[in-house]
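Chemist: Provide a 3D model corresponding to the input given below.
(3 chains)
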Amino acid sequence: MDTEYNFNIELRPDYSLLRVKLREGQKIFAEPSAMATMDTCIKLKAGFKGGVMSTLKRGLGGESLIINTFTADQEGEVTFAPGPMGDLNHYAVNGTNLLLQSGAFVAHGEGLEVTGKFDGVKGFFSGQGIFLLQASGTGDIFFNTYGAMIEIDVNDGFIVDTGYVVAFESTLDYQITTVPGLSIGSKVKTFLFGGEGLVCKFNGQGKVWIQTRTINPFLRWVHPYRRVQNSSH
Amino acid sequence: MNVDIRYQPAFATIFASLLPGESIIAEAGAMASMSPQLEMKARFNGGFFTAILRKIFGGETLFVNEFSCPRETNPGELVLTQSSPGDIAEIDLQGNTLLLTSGSFIACTPGVKLGLGFAGFASWLGKEGLFRLSVSGHGKVWIGGYGGVLKQNIQNELVVDTGHLLAYEPTISLSISLSGGIFSSFFSGEGFVSRIRGQGDIYLQSRSLDGLTSWTNKYL
Amino acid sequence: MNIEILCRPAASSALVKLNQGEELTAEVGAMIAMSPNLRVETTSRHRGAKGGIMKGIKRIFSGENFFLNHFTAAADDQELYIGPALMGDICTHNLRSETLIIQGSSWLASGTGIEVDTTFQGFGAALFSGESVFWVKCSGQGVVILNSFGAIYEIDVDGEYIVDTGHIVAFEDTLNFNISKAGSSWVSSFLGGEGLVCRFKGQGKLYCQTHNPPSFGQSLTPKLRPRQA
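Modeler: Here you go, the predicted model:
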C-alpha cells in the first residue's frame, strides 16, 4: 500500500497551514474542526475511528473521541489549520514511535495506529498530568504548536515544563515530576504558567519538540473577556 | 506617502510616512503611535446611513479616522495595526471592487470608496454577516485578519470553512452547505461551510477567530 | 551569562546560557525548559542591588501576588528557555546608568545587578484601554528582559511622540509624559476609538508594542464560552 502523502506546510512558522494533495481514494484522518479549505471532490465523514471500544480506550487519553476522515473521490486538495497561531510539523513514524500531547494532534495518514494514555503525578497535584497520544506503525503524522517550535536533541538530560511539551520520540525515558523550588507549593495559592509546576524530565537519546507558549496563561488572560452568564433561578 | 508593512506575517503592522497634505483613512482604534503634528478626525464609515447599516449588520465600526499631515509641517510617522495578530495584505484598486468580510478592513488611501454590499442570506447563515464592506475606486486598501494571508485564484468551486475567508471579487458567489452528511457535519466540528463558486481572486486567512475560540472553549 | 532571543517576533523565547554561579531572576511561570543543573528558588524578593520586595503587587487579571523564580547555575553551560504568557516578542535592554519604566506585564526577567522598584505611581490610577496597569521601575547595571504583545519597535524620541496607551512597553525616565485625548476634540477621540494617548516629550528611548491585548480580547468576547459570575 502506497501511503506516501503529497503535502506542504505553508506560512511557517507563525500561522502554519498544512496542504495535502490526495490521490483518488486516498484518505487522511484529522482533528475535528481543523479543515480550512477543501476541493468539492473531497468527502468528510466524522466517526469513531477503530470502532467504539478503541474509542473508549482512547477517550481516557483526554482527546476528542471523534476523528474526521477525508476521502478523495477524485484527486483533490484539502488544507488544515489549527486553532492557535504557531507552527506545524511532519513526522514520519517508522520504527520509532512518537508521543505527542493530545492537543497538538492535527492529522495522520493511513498506516498509523494512534492511541491515548495519561501520565501524571498522582496524589501530589491531585491527578494532574499530561494527556499523551502514541503514534505507532508506519506512516505520517502532523502536529502543531501554540507559538514557535523548537526541536531539541536530547543527549544527557533535559527538563521541560509539561505545558510546553509537544512531542517526543519513544527512545527517550521520561518522568513527570515536580522540581523543588520551582513552584510555591500548596500553601500559597498561585497562578503559574505552563503545567502548573509539573515538569517532564527526559533522559536518554532522542528528539523533543517544545513550544514557546502554552494554553493555561492564555486561558487566564482571556478569562475576564468572557461574558458573564446570568444564573437562571 | 511611504507605506512599509513590518513584522509580517506574525504581527503585521503598517508604518506610514505622510507628507504634508497627505492623508490616510483607518478603522477606529487602529492607531498605535504617531508623530505629534498629524491630525486625527473621526468620520462616518462611508456616510451616515451606510455606517449605521454596516455597524448593525456588518459588524464594522461606526466611525473611521482620517489621519492627515498638515501642509505647514514636516512629514509625520503613523503606526497602524489591527486588533488581532495576523498578516496584512496591500491591494491596489484600479477602478475595480473588492468585497471584504467583517473586520478585515484596516486602512485605505482617500481615493477609495467605502460602500456596503448585500452579502446574501447564505453569508449571514455562515456567520459572515448580512452585509459586506465593499471597497472600490482608485487607491490602496490594507486588509488583514487572524492568520497568514493567502491569495488564491478560483476557477471552479472551493469549500471554505467559515471564518477563513477574508475578501473576494464580486465575480465570486458564496453559498452555504453542510460540510458532510448530517451526522458528520456536526460531529466533525466543521458544521456549515461556505461553497465558493465563480472565477476570480479570493483572499483567505490561515487561522480563524472561530478556530481559536473553539480551541480555547474546549478547556474552559 | 549569554542571552539569545529565538523565534522573533511571534512567539519569542529567550535562551539564557548560564555558567556556574551565574543567576537570573524571572517571573514565576516563565520557565519553558532547562538543563538539569539549574537550582531554582521561588521568592517574593528580587535580589537586585537593594533587594526590593515585590509583594503587594498583584498580577493583572489574576489578582495574585507577583512571585519570582530565582535561577542559579550549579554547573557550566546550563541552558534556560523562558517565555511570557502571551504571543509576542522579547527584547533585552542593557541598563547602565539610566532608569527604565516598564509596563508591569512586560517585565519578564532581569539580572541580579538590577533593582526592581514596584512602587512607581507616575500615571496615577489611569486606566489604559479600560484596564488598570501597574508599572515597574528598573535601575542599576545589567540586563532587563522585556516582552510584548505583538512585535516590539523602538522609537528614539527627540522632541515629541504620541503612543496609544495600550501600546507602551517601556521608556527611559528622561522622557516627560502626559496622558491626553487623541484627537482635536474629545468627541473625535472617543468616536475614533482611540480614547487616551500618552504624549512623550524630551529625549529618550521608547519601546512600543504593535498590538494591544484588550483590543484582541474584546474581539474574542462574542465567541468565547460565557462564565459564571
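Chemist: how about low-confidence regions in chain A?
Modeler: Within chain A, the segments meeting pLDDT under 70 span A:1-3, A:49-65, A:117-129, A:180-196, A:231-233.
Chemist: Also chain B?
Modeler: Residues of chain B that meet the criterion pLDDT under 70 lie in B:45-51, B:53-62, B:119-120, B:122-131.
Chemist: Name the residues of stretch A:33-53 that are buried.
Modeler: A:33-49 (16 or more other C-beta atoms under 10 Å in any protein chain shown). For every residue, glycine as well, the C-beta is placed using N, CA and C.
Chemist: and chain B, which of those residues contact it?
Modeler: Applying C-beta under 8 Å from any C-beta of the partner chain to these, one finds that A:33-40, A:42-47 fall near chain B.
Chemist: and A:Phe142, how many neighbours?
Modeler: Burial of A:Phe142 is recorded as 26 neighbouring residues (other C-beta atoms under 10 Å in any protein chain shown).
Chemist: Name all residues that make contact with it.
Modeler: A:7, A:9, A:18, A:80, A:88-91, A:106-108 (C-beta atoms under 8 Å, 6 or more residues apart in numbering or on different chains).
Chemist: Could you pick out the residues of chain B near chain C for me?
Modeler: Applying C-beta under 8 Å from any C-beta, one finds that chain B approaches chain C through B:6-7, B:10-11, B:13, B:27-36, B:39-42, B:61-65, B:79, B:81-85, B:103, B:209-210, B:212-213, B:216-217, B:220.
Chemist: So which residues on chain A come close to chain B?
Modeler: A:10-11, A:14-17, A:32-40, A:42-47, A:66, A:68, A:81-85, A:103, A:215, A:218-219, A:222, A:226.
Chemist: show me which of these neighbour chain C.
Modeler: A:14, A:85, A:218, A:222, A:226.
Chemist: which one of those residues has the most neighbours?
Modeler: Going by other C-beta under 10 Å, A:Met85 tops those with 30 neighbours.
Chemist: What's the local residue count around C:Glu160?
Modeler: Counted with other C-beta under 10 Å, C:Glu160 comes out at 14.
Chemist: now the contacts of A:Phe142 as TSV including distance to B:Gly163?
Modeler: Shown next, in TSV, are those (distance: C-beta to C-beta, whole Å):
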residue	distance to B:Gly163
A:Phe7	23
A:Ile9	21
A:Leu18	17
A:Phe80	14
A:Leu88	18
A:Asn89	24
A:His90	25
A:Tyr91	28
A:Val106	17
A:Ala107	19
A:His108	24
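Chemist: residues touching the closest residue to C:Cys7 other than its chain neighbours, list them.
Modeler: Nearest residue to C:Cys7, sequence neighbours excluded (C-beta to C-beta, 6 or more residues apart in numbering or on different chains): A:Ala148, at 3.3 Å. Residues in contact with A:Ala148 (C-beta under 8 Å, 6+ apart) are A:13, A:86-87, A:211-213, C:6-7, C:10-13.
Chemist: what are the phi and psi values for A:Ala148?
Modeler: The phi/psi pair for A:Ala148 (degrees, to the nearest 10) reads phi -80, psi 160.
Chemist: Pull up the gap between it and A:Pro224, please.
Modeler: Noted for A:Ala148: a distance of 26 Å to A:Pro224, by C-beta to C-beta, to the nearest Å.
Chemist: Next: B:Asn153.
Modeler: From B:Asn153 to A:Pro224 the distance is 43 Å (C-beta to C-beta).
Chemist: Quickly note the distance from the most centrally placed residue in chain C to chain B.
Modeler: In chain C, the centroid-proximal residue (C-alpha atoms, centre = their mean) is C:Ser106; its distance is 1.4 Å. Note on C:Ser106: its distance to chain B, by C-beta to the nearest C-beta, to the nearest Å, is 15 Å.
Chemist: excluding its backbone neighbours, what's nearest that residue?
Modeler: C:Ser106's closest residue in space is C:Val169 (C-beta to C-beta, 6+ apart), at 4.8 Å.
Chemist: Quickly find the element holding the one you found.
Modeler: strand C:168-172 (DSSP states H and E).
Chemist: Report the buried residues of the helix or strand that that strand is followed by.
Modeler: Moving toward the C-terminus from strand C:168-172, the next helix or strand (DSSP H and E) is strand C:176-181. Neighbour counts using 16+ other C-beta under 10 Å place C:177, C:181 of strand C:176-181 among the buried residues.
Chemist: Roughly how far does the most centrally placed residue in chain B sit from A:Asn8?
Modeler: By C-alpha atoms, centre = their mean, chain B has its centre lying nearest to B:Ser104, at 1.7 Å. B:Ser104 sits 25 Å away from A:Asn8, going by C-beta to C-beta.
Chemist: Over to B:Val135?
Modeler: Distance, B:Val135 to A:Asn8, by C-beta to C-beta: 31 Å.
Chemist: Of B:Asn153 and A:Pro224, which one has the most company?
Modeler: For B:Asn153 versus A:Pro224, neighbours defined as other C-beta under 10 Å are more numerous around A:Pro224 (15 against 9).
Chemist: Surely that one is within a helix?
Modeler: Yes. With DSSP: H, G, I helix; E, B strand; the rest coil as the criterion, A:Pro224 is located in a helix.
Chemist: what's around A:Val106, how many residues?
Modeler: Counted with other C-beta under 10 Å, A:Val106 comes out at 20.
Chemist: Contacts only, for it.
Modeler: Contact partners of A:Val106, counting by C-beta under 8 Å, 6+ apart, are A:18, A:30-31, A:34, A:80, A:82, A:88, A:142-144.
Chemist: Sheet-wise, list the partners of whichever strand in chain A runs longest with their directions.
Modeler: The single longest strand within chain A, with elements called by DSSP state E, is strand A:128-144. Strand pairing for strand A:128-144, determined by DSSP bridges: strand A:88-94 (antiparallel), strand A:98-101 (antiparallel), strand A:105-109 (antiparallel), strand A:112-121 (antiparallel).
Chemist: so where is chain C shaky, pLDDT-wise?
Modeler: C:44-66, C:119, C:121-132, C:182-195, C:229.
Chemist: Helices of that one, start to end?
Modeler: Taking DSSP state H as the criterion, chain C carries its helices at C:186-191, C:213-220.
Chemist: Quick check: which of the strands paired with strand A:128-144 is nearest to C:Met87?
Modeler: Closest to C:Met87 of the strands paired with strand A:128-144, according to C-beta to C-beta: strand A:88-94, at 15.8 Å.
Chemist: what's next to that closest one, contact-wise?
Modeler: Contacts of strand A:88-94 (C-beta under 8 Å, 6+ apart): A:7, A:9, A:12, A:16-18, A:82, A:98, A:106, A:112, A:135-145, A:149, A:167, A:209.
Chemist: May I have the longest strand of chain A as CSV, with CA atoms only?
Modeler: Only the C-alpha atoms of strand A:128-144 are listed here, as CSV (Å, rounded to 0.1, in the frame of the first residue of the first chain):
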residue,chain,number,x,y,z
GLN,A,128,-2.6,16.4,37.2
GLY,A,129,-0.6,15.4,34.3
ILE,A,130,-0.5,15.4,30.6
PHE,A,131,-2.5,13.5,28.1
LEU,A,132,-0.4,11.8,25.6
LEU,A,133,-1.1,10.2,22.3
GLN,A,134,1.1,7.5,20.9
ALA,A,135,1.5,7.0,17.2
SER,A,136,2.9,3.6,16.1
GLY,A,137,3.1,1.7,12.8
THR,A,138,4.4,3.2,9.6
GLY,A,139,3.0,6.5,8.4
ASP,A,140,2.9,10.3,8.5
ILE,A,141,1.7,12.3,11.4
PHE,A,142,1.3,16.1,11.7
PHE,A,143,1.3,18.1,14.9
ASN,A,144,1.0,21.8,15.7
